[in-house]
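Colleague: sequence-free structure coming up:
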């Protein structure tokens, strides 16, 4: 059973201004990374590298460690937790799918499509965050939906505009519309729901996660509009993004395949914003796109080739944003 946080919310005597980006990330270091056959049925980004699992894991660990070092080098606070070998969770490196953390102390736990991914949800990680001085007030647990065959995979499925209280979601076998609406009611977001497809062997098939086609920063949106076949949905998305002051960077389906939509804006030292992505994503961008992104802050990129190929996810999937309030009397946090 999971840690049962009290449902009563703390009463703050200050007004919380919702932030879009954070400087604190939770990341899970892999111990037995490999291609997950349970997710490959509808994640068309996964590839078979024809390498042994031992070699794949060693490469993934190296990519992970270098990535964390690059984030810490620019002042991003990274909490690293090791995966547990006995749990047999090959995709644990992508924690943003099972948990989300919010500025008022709320935590969301999400129903996962693949059975072996459900074991990634760990009470000890929530306890670790509390020991680091973060405050958890309420827990919203949607995981019972798994028994009914309905799923919503955290901020893989949901792209949250935290400042403007909008939740963007591309429906797929891993993103159920009713669960999106339930989340929005609980967390007080407006749902922006649409469909997005990619071309696989001549067929238009649903993209498994919204966060591979779309990323939101403070005043920027990166999106693969080519994946949205409905003209009315495309118009609706552009309208919402522009009315909230987002400059829209359009990427192609080919760039999306190289994970150019799977990026995350974070805050580093001296209140500096950074856009984080993989090296493959960065190399796919054209000079104009890079210029627009860099107007909002420098780009940090790292080689994640093995992780991307085997897992079908990239930089953004690896970073679970921690927006929880901090106990100002506590000084537990250390990069480790």
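Modeller: Nice, I can see it. Since the model is a prediction, treat every value here as computed from it, not as a measurement.
Colleague: what's the nearest residue to residue 159 if we skip its chain neighbours?
Modeller: Among residues not flanking residue 159 along the chain, residue 168 sits closest, at 4.1 Å (CB to CB, 6 or more residues apart in numbering). (Each C-beta comes from the backbone N, C-alpha and C, glycine too.)
Colleague: residue contacts, the one you found?
Modeller: Contact analysis of residue 168 by CB atoms under 8 Å, 6 or more residues apart in numbering lists 158-161, 192, 194, 210, 214, 216, 237, 240.
Colleague: ok but it is inside a strand, no?
Modeller: Yes. Residue 168 sits within a strand when classified using DSSP: H, G, I helix; E, B strand; the rest coil.
Colleague: Please report the distance of it from residue 211.
Modeller: Applying CB to CB, to the nearest Å, the value for residue 168 to residue 211 is 10 Å.
Colleague: Likewise for residue 48?
Modeller: Relative to residue 211, residue 48 is positioned 23 Å away (CB to CB).
Colleague: likewise residue 217?
Modeller: From residue 217 over to residue 211 the distance is 13 Å, taken as CB to CB.
Colleague: Between those two, which is the more surrounded one?
Modeller: For residue 217 versus residue 211, the count of surrounding residues by other CB atoms under 10 Å is larger for residue 211: 29 against 23.
Colleague: Surely the more buried one touches residue 160?
Modeller: No. Residue 211 is not in contact with residue 160 according to CB atoms under 8 Å; the separation is 10.1 Å.
Colleague: which residues of this structure fall in helices?
Modeller: Shown for the chain, the helices assigned by DSSP state H span residues 53-73, 123-131, 154-157, 177-187, 231-243, 253-257, 279-284, 287-294, 305-311.
Colleague: Quick check: which of the ones you listed is buried the most?
Modeller: With neighbours defined by mean count of other CB atoms under 10 Å, none of the helices of the chain is more surrounded on average than helix 154-157, at a mean of 26.
Colleague: can you list contacts of that helix?
Modeller: Residues outside helix 154-157 that contact it (CB under 8 Å, 6+ apart): 94, 96-100, 108, 110, 151, 169-170, 172, 174-175, 180, 208-211, 313, 317, 320-321.
Colleague: Run through the strands of the stretch 101-250 of the chain in chain order.
Modeller: Counting by DSSP state E, counting those that start in this stretch, residue ranges of the strands within the stretch 101-250 of the chain are 106-109, 138-141, 158-161, 166-171, 190-195, 197-200, 203-206, 214-216, 220-223, 247-250.
Colleague: Can you name every helix or strand that the second one contacts?
Modeller: Looking back up the chat, that one is strand 138-141. In this structure, strand 138-141 makes packing contacts with strand 106-109, helix 177-187, judged by 3 or more CB pairs under 8 Å, 6 or more residues apart in numbering; DSSP states H and E.
Colleague: No further queries at this time; thank you.
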